[in-house]
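Asks: below are the sequence and a predicted model; questions follow.
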Amino acid sequence: MTGPVWRPWRKAPGWETALDGDGRRVCAVCRSAVRSYTHRLYAAGSRWFERCVGLTWCPGCRVYSGTMVHVPRERVLADALAGLPAAQRERIARSEARLVQFLDRRGT
Ligand SMILES: [Zn+2]
């Protein structure tokens, strides 16, 4: 019996993307559509509240990168982890690779 092959997510800062003919951003290697997710790290009361992390990843190559992005205080970001039990939420939030894996499985 063989299960699905487990391939770990790899952090690859600067992995290359390109624009396809329709102006969609795709992976330069496998041409999968690039996916992304932006989330806040700091509480609303923090002076760093607007400093967020933007994750982008390729579902084909299983590579991802995270960069600091600036999101205005008044913009509400969808929280992909909302609705999860607190323990699971924490477990996922502790690791970028785990978060990307979760987001990618969830599809969006
Ligand atoms: Zn790729």
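Replies: Nice, I can see it.

Asks: how far does the longest helix along the chain sit from its chain's centre?
Replies: For the chain, the helix with the greatest residue count under DSSP state H is helix 96-106. Computed by C-alpha atoms, centre = their mean, to the nearest Å, the separation of helix 96-106 from the middle of its chain amounts to 7 Å.

Asks: quick check: mean pLDDT of that helix?
Replies: In this model, helix 96-106 has an average pLDDT of 94.

Asks: for stretch 16-30, same thing?
Replies: Rounded to a whole number, the mean pLDDT of stretch 16-30 is 96.

Asks: quote the end-to-end distance of that stretch.
Replies: 10 Å (C-alpha to C-alpha, to the nearest Å).

Asks: would you mark the buried spots in that stretch?
Replies: The neighbour-count check on stretch 16-30 (16 or more other C-beta atoms under 10 Å) flags 17, 26-27 as buried. In short, each C-beta sits where N, CA and C put it, glycine included.

Asks: ok, so of the residues you listed, who is nearest Ala97?
Replies: Checking the buried residues of stretch 16-30 against Ala97 by C-beta to C-beta gives Cys27 as the nearest, at 17.6 Å.
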